[in-house]
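A.B. asks: only geometry, no sequence info:
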């Protein structure tokens with residue numbers, strides 16, 4: 001019985017050859033969720049380089065400003081990890097990339113440790 005009804009609808013559809021338009025009617029939750037997800041930064045597990053761990057924020061900010069002037073395309077982050085302000089740099093997907101960059105800046109930053117962290121997706125530019 002179920003199959004015969006399906007076959008009748010299938011034949012009926014072919015005989016009429018109806019072209020139509022589909023209107024999606026909803027509450028808008030999907031659209032609002034899509035807009036929200038566009039503004040969220042996506043994160044993955046990766047590596048950063050720890051450059052400083054300071055008690056004073058001014059010192060960490062000063063080190064960060066010096067780093068930004070020298071390496072404009074590498075992102076830097078200051079996080080408060082009580083009781084210190086931690087300066088870390090880079091968004092490296094692999095440990096090899098992080099180690100390579102670490103070797104490039106070793107002379108300027110005595111504390112230079114590669115750490116595994118959640119990172120932002122690396123910049124494309």
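C.D. replies: Thanks, I have the structure now. Note that this is a predicted model, so its numbers are computed, not measured.
A.B. asks: contacting residues around the helix or strand where residue 79 lies?
C.D. replies: Element membership of residue 79 [criterion: DSSP states H and E] is strand 76-81. Outside strand 76-81, the residues that touch it by C-beta atoms under 8 Å, 6 or more residues apart in numbering are 48, 53, 57, 60-61, 64, 67-68, 85-89. All C-beta spots, glycine's among them, are computed from the backbone N, C-alpha and C.
A.B. asks: can you check stretch 114-124 too?
C.D. replies: Taking contacts as C-beta under 8 Å, 6+ apart, the residues outside stretch 114-124 that touch it are 41-50, 73, 75, 88, 90-93, 95, 98-99, 102.
A.B. asks: do the same with stretch 95-105
C.D. replies: Residues outside stretch 95-105 that contact it (C-beta under 8 Å, 6+ apart): 46-49, 51, 71, 74, 90, 92, 112-114, 116.
A.B. asks: just to revisit the earlier point, return the subset of the contacts of strand 76-81 lying in helices.
C.D. replies: 57, 60-61, 64, 67-68 (DSSP state H).
A.B. asks: what about the longest strand in this protein?
C.D. replies: As assigned by DSSP state E, the longest strand anywhere in the chain is strand 43-54.
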